[in-house]
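Trainee: show me the folded form of this:
(2 chains)
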2 protein chains.
Amino acid sequence: MSNQGYVDKRCSSCFAGARRKQIRESQPSTDLSLNSLFRKLSSAMGKKALLFLAPGAEEMEAVISVDVLRRAGLEVTVAGLCEASEPIKCSRGVLIKPDINVSEAKGPYDILLLPGGLGGSQSLSKSKEVGDLLKQQQNEGRWISAICAAPTALKAHGIGLGKKITSYPAMKDQLTDSYDYKEDNVVIDGNLITSRGPGTAFDFALAIVQALEGKEKAQEVAKGMLLNA
Amino acid sequence: MSNQGYVDKRCSSCFAGARRKQIRESQPSTDLSLNSLFRKLSSAMGKKALLFLAPGAEEMEAVISVDVLRRAGLEVTVAGLCEASEPIKCSRGVLIKPDINVSEAKGPYDILLLPGGLGGSQSLSKSKEVGDLLKQQQNEGRWISAICAAPTALKAHGIGLGKKITSYPAMKDQLTDSYDYKEDNVVIDGNLITSRGPGTAFDFALAIVQALEGKEKAQEVAKGMLLNA
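Mentor: Numbering: from 1, shown residues only, chains lettered A, B, ... in the order given. Here you go, the predicted model:
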């Protein structure tokens, strides 16, 4: 894995855990609603990730992200941006059925993932639900990640402005006015992880695993896939 | 791309074309049935690939193969091994809807692709439709490819026995008695292309593109994905 430079060395796993603990402790101890119990149970079962899937999403970037994170033990939900419960047609025609509609997304999620693909990224840019979830995620200091064309959706929703990011090279000109643009395969600045395209999707997913679950877990997952972390 | 060794240097693209020409020329010139016209039209539109998708298939290996081949201009059909038209649940829970049921597959296809995943490969091994299509493909001298655990399905159907192959390392012991087992990322022997796992799936797909469409096309597709061919 070649995520040279801009790698946030902070123990992100501990940070996310501390944040959840902080949220829990700010609630009254008598809060025993079903929702609260469900969240506590989910938290005990592993970290949660939400991947947005819109028509025209780059299917390799979406599937590599979901698969690698699930191999690392994260609970990943695929949220579709489509009215019906029909499968979503991705950029090269692969038909993927989301787990839920984006309107059903119930956080908090430890990380949000935005796969690329031009059509998919345009839909992510226009979606109010995606914008609301991204803003809430940013306000609460949790992880956000985007690859390929999807950093343009971050800009559309005003996420991470001024931070170091990267993207698919063709999107660079749309992003340099709002970000500190870099050309590394994976760029991490604070809680924002960005990457470049299908060929860097394994690096992207493994960087997320490393940020949330530590280097050892990323190496273990990479080894099982016959990749070097 | 590191498909060192065992790369068949023959111009496979020309070979497949010559084979189709030979099949066409062996038919009476008065054969103007709709089927014949359809096949001639399909052939003119690009080479055809069929990827088998069974429950438990490794979704990264399936999706990378389909996406990369479609980027190269191949007409790829995803054939599901499932009774209903419902999406197929892959090894890490990604739900993919096939284009057709395997019983609807209408060749000839220039190449058949078998993605890995333990459950998926076991289903491929047991399927009569898959076995029949593989045997016809072998008898007619067209390309066959398999990755990860899927070479075990080649063995189950008696395909390519004695040839050089590779697989996911854990499958090696099941294959050494029937094949000349190698440990390269991609192994090509005659019309048989095999590879090792998710981490070699891009190499596998690009080796197929190179075999069917030439090195220049493989390099062009790799460049667009930000990979080196």
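Trainee: tell me how chain A divides into domains.
Mentor: A:12-45, A:46-224 (automatic domain parsing).
Trainee: figure out which of the ones you listed is closest to chain B.
Mentor: With distances scored as Cβ to the nearest Cβ, the stretch of the domains of chain A nearest to chain B is domain A:46-224 (3.5 Å). C-betas here are computed from N, CA, C, even on glycine.
Trainee: off-centre distance for the closest one?
Mentor: Averaged C-alpha coordinates place domain A:46-224 at 4 Å from its chain's average position (Cα atoms, centre = their mean, to the nearest Å).
Trainee: reformat the domains of chain A as TSV; add mean pLDDT, mean neighbour count and distance to B:His157.
Mentor: Shown next, in TSV, are those (pLDDT from 0 to 100; neighbours: other Cβ atoms under 10 Å in any protein chain shown; distance: least, Cβ to Cβ, whole Å):
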stretch	mean pLDDT	mean neighbour count	distance to B:His157
domain A:12-45	44	12	40
domain A:46-224	97	22	26
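Trainee: format the ones you listed as a markdown table; extra columns: distance to B:Ala153.
Mentor: As requested, these are exported to a markdown table (distance: least, Cβ to Cβ, whole Å):
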| stretch | distance to B:Ala153 |
| --- | --- |
| domain A:12-45 | 34 |
| domain A:46-224 | 21 |
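Trainee: make CSV from those domains and add distance to chain B to it.
Mentor: Output for the domains of chain A, formatted as CSV (distance: least, Cβ to the nearest Cβ, whole Å):
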stretch, distance to chain B
domain A:12-45, 15
domain A:46-224, 4
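Trainee: which SS class is the residue positioned nearest the centre of chain A?
Mentor: Centroid-nearest residue in chain A: A:Leu113, 2.1 Å away (criterion: Cα atoms, centre = their mean). Following DSSP: H, G, I helix; E, B strand; the rest coil, we place A:Leu113 in the strand state.
Trainee: what does A:Asp67 give?
Mentor: helix.
Trainee: pretty sure it is touching B:Ala201, no?
Mentor: No - contact criterion Cβ atoms under 8 Å: A:Asp67 and B:Ala201 do not qualify, at 10.9 Å.
Trainee: please enumerate the shared neighbours of these two.
Mentor: Shared contacts of A:Asp67 and B:Ala201, defined by Cβ atoms under 8 Å, 6 or more residues apart in numbering or on different chains, comprise B:Met60.
Trainee: quick one on the thing from earlier: now the spatially closest residue to the residue nearest to the centre of chain A that is not a sequence neighbour, what's its secondary structure?
Mentor: Nearest residue to A:Leu113, sequence neighbours excluded (Cβ to Cβ, 6 or more residues apart in numbering or on different chains): A:Leu51, at 4.2 Å. The three-state assignment at A:Leu51 reads strand, by three-state DSSP.
Trainee: A:Leu51 reaches A:Glu75, doesn't it?
Mentor: No - counting by Cβ under 8 Å, A:Leu51 does not reach A:Glu75; the two are 11.6 Å apart.
Trainee: ok, and the closest non-adjacent residue to A:Glu213?
Mentor: Leaving aside its sequence neighbours, A:Glu213 sits nearest to A:Ala72 (Cβ to Cβ, 6+ apart; 5.4 Å).
Trainee: isn't the one you found right up against A:Gly224?
Mentor: No - assessed by Cβ under 8 Å, A:Ala72 is found out of contact with A:Gly224, at 10.0 Å.
Trainee: residues in contact with A:Ala153?
Mentor: Neighbour list for A:Ala153: A:Leu114, A:Ser121, A:Leu124, A:Ser125, A:Val130, A:Ala146 [criterion: Cβ under 8 Å, 6+ apart].
Trainee: give the contact list for the residue nearest to A:Leu113.
Mentor: Here A:Leu51 is in contact with A:Ala62, A:Ser65, A:Val66, A:Val76, A:Thr77, A:Val78, A:Ala79, A:Leu112, A:Leu113, A:Leu114, A:Pro115 (Cβ under 8 Å, 6+ apart).
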